[in-house]
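In: Mind looking at a prediction? Sequence and model below.
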Amino acid sequence: MTRPAVVFGGPSPEHDISVLTGLQAAHILADAGRDVVGIFWAKTGRWYEVDPQLEAAAFADGPPAKARELRFVAEPGEGWSAKKKPLGVETVLLCCHGAPGEDGTLQGALDLVGIRYSGPGAAASSLGMDKLAFGSVVSAAGLPSLPRMLIGPDHKPGFDGPYIVKPRYGGSSIGIEVVEDYDTALALAETSIHLDHGGILEPYLEGSRDLNLAIRTYPELQLSAIEAPVSEGFYGYEEKYLSGGGLEGSERALPASLPPAIEATMRDAAMTVAELAGVRSMARLDFLERAGEVWVNEINTIPGSLSLYLWVDPPVSKRELVLDLLTEVEQQPARRFSTAGADGTALRSAAAIAQKLG
């Protein structure tokens with residue numbers, strides 16, 4: 001067994017939710033007898049080693065008391081260190097939501113070091129965060145999905161409003177708005193800080209509801225019960241994370257009571273998405289449903305609370321789920337890069353660079 005680290009926080013709008021997810025996982029591992037390293041990624045982008053048994057309030061104003069500042073070096077055999085002494089972390093349970101902890105940025109850095117981590121690899125993480133790309137993959141696979149387009153002055157929607165405006169790169173809740181017309185969407189794209197890297201547009205389905213399920217890949221590919229969050233109107237950040245004491249305390253029907261045909265469609269789609277999107281560890285797949293019709297909406301590759309609360313049918317304890325996540329990480333090889341073929345032949349036979357610029 002390795003000495004695992006739980007990494008949480010990050011310079012992301014979802015920083016606070018990431019802290020909650022990370023502390024939950026760290027507490028579970030510590031209670032299971034694992035020697036856990038707590039690594040807090042501050043809003044400033046700096047790293048700190050922290051007591052993994054702390055409570056959430058300790059992080060409300062930044063790094064907690066007695067936090068030890070760390071350095072991170074993205075080179076083979078490096079990683080996190082304190083005063084030039086390596087922490088010796090080989091495996092990481094990633095609990096970061098939103099960019100840059102969920103979009104492949106951190107994953108790529110860990111690949112360079114050779115540290116194994118939970119969640120998908122860098123490329124699959126990037127796909128999951130890019131709502132436009134993920135929607136295109138889903139559509140190309142023939143799965144039911146809503147049309148999506150980039151918001152821009154040279155683009156015109158091929159579908160009627162009202163519309164949902166979303167950050168192209170972001171989580172499932174923050175920065176999402178419902179607008180009546182495209183001009184309003186254009187104005188929002190120019191003013192919202194959450195859309196500074198691009199916004200996408202899709203139809204707003206009046207009377208639709210959210211349906212979610214979790215996917216885990218160890219000890220085998222498995223799907224959780226389906227939940228139906230209870231919300232009046234749009235199911236946004238406040239309803240998801242702030243009401244009822246947080247994500248797990250929000251009102252929901254779990255398992256949701258669904259016609260067999262809808263449930264079968266969702267489960268078939270989830271199995272396909274798991275392969276297409278390179279799902280690893282634990283992910284949450286979100287759907288929309290209205291009047292018996294269902295659409296694949298988004299994937300969360302590092303979901304809030306790691307979706308531990310969804311495993312009521314089949315029933316799996318939170319302790320077992322987190323330990324399985326860590327076991328999967330410990331059993332997988334670190335990514336290795338190859339220079340096969342780069343033997344210098346092309347360099348030795350090349351003419352002067354000046355000739356190539358001519």
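Out: Perfect, thanks for sending it.
In: tell me the phi and psi of the nearest residue to W311 once chain neighbours are set aside?
Out: The shortest distance from W311 to any non-neighbouring residue, by Cβ to Cβ, 6 or more residues apart in numbering, is to S224 (5.0 Å). For every residue, glycine as well, the C-beta is placed using N, CA and C. Note on S224: its backbone torsions stand at phi -80, psi -180 [degrees, to the nearest 10].
In: need the contact list for S224.
Out: S224 sits next to L213, A214, I215, R216, S307, L310, W311, V312, D313, P314 when contact means Cβ atoms under 8 Å, 6 or more residues apart in numbering.
In: try F40
Out: F8, G9, V19, G22, W47, Y48, E49, V50, F59, P63, P64, A67.
In: these two touch, right, the fifth one and A82?
Out: No. Using Cβ atoms under 8 Å, W47 makes no contact with A82, being 9.5 Å away.
In: Find residues that contact each of the two.
Out: E69, L70, R71.
In: Top of those by number of neighbours, please.
Out: L70 (20 neighbours; other Cβ atoms under 10 Å).
In: Regarding that residue, what is its secondary structure?
Out: strand (DSSP: H, G, I helix; E, B strand; the rest coil).
In: And W295, by the same measure?
Out: With three-state DSSP as the criterion, W295 reads strand.
In: How much space separates it from A74?
Out: W295 is 39 Å from A74, where distance means Cβ to Cβ, to the nearest Å.
In: Between these two, which has more neighbouring residues?
Out: W295 (22 against 14).
In: Now do the contacts for the more buried one.
Out: By Cβ under 8 Å, 6+ apart, the residues touching W295 are P144, S145, L146, F287, L288, E289.
In: before we move on, back to that, which pair in the contacts of F40 spans the largest distance?
Out: Using Cβ to Cβ, these span at most 14.9 Å, a distance reached by V19 and E49.
In: Now do the helices in the stretch 151-300 of the chain.
Out: 182-191, 237, 260-276 (DSSP state H, counting those that start in this stretch).
In: cool, and the stretch 1-150 of the chain?
Out: Counting by DSSP H, counting those that start in this stretch, the helices of the stretch 1-150 of the chain are 15-31, 105-113, 122-129, 131-140.
In: Can you tell me what sits against the longest one?
Out: To tie it back to what came earlier, the one meant is helix 15-31. Contacts of helix 15-31 (Cβ under 8 Å, 6+ apart): 4, 6-10, 12, 36, 38, 40, 43, 52-56, 59, 93, 95-98, 101, 241, 246-247, 302, 304-306, 308, 318-319, 322-323, 325-326.
In: CA-only coordinates of that helix in CSV, if you can.
Out: Output in CSV follows, covering the C-alpha atoms of helix 15-31 (Å, rounded to 0.1, in the frame of the first residue of the first chain):
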residue,chain,number,x,y,z
HIS,A,15,-13.0,25.8,-4.7
ASP,A,16,-15.3,25.6,-1.7
ILE,A,17,-17.2,22.6,-2.9
SER,A,18,-13.8,20.9,-3.7
VAL,A,19,-12.7,21.5,-0.1
LEU,A,20,-15.9,19.7,1.1
THR,A,21,-15.4,16.8,-1.2
GLY,A,22,-11.7,16.4,-0.3
LEU,A,23,-12.2,16.6,3.4
GLN,A,24,-15.0,14.0,3.2
ALA,A,25,-12.7,11.6,1.3
ALA,A,26,-9.8,12.3,3.7
HIS,A,27,-11.8,11.6,6.8
ILE,A,28,-13.1,8.3,5.3
LEU,A,29,-9.6,7.2,4.5
ALA,A,30,-8.2,8.2,7.9
ASP,A,31,-11.1,6.4,9.7
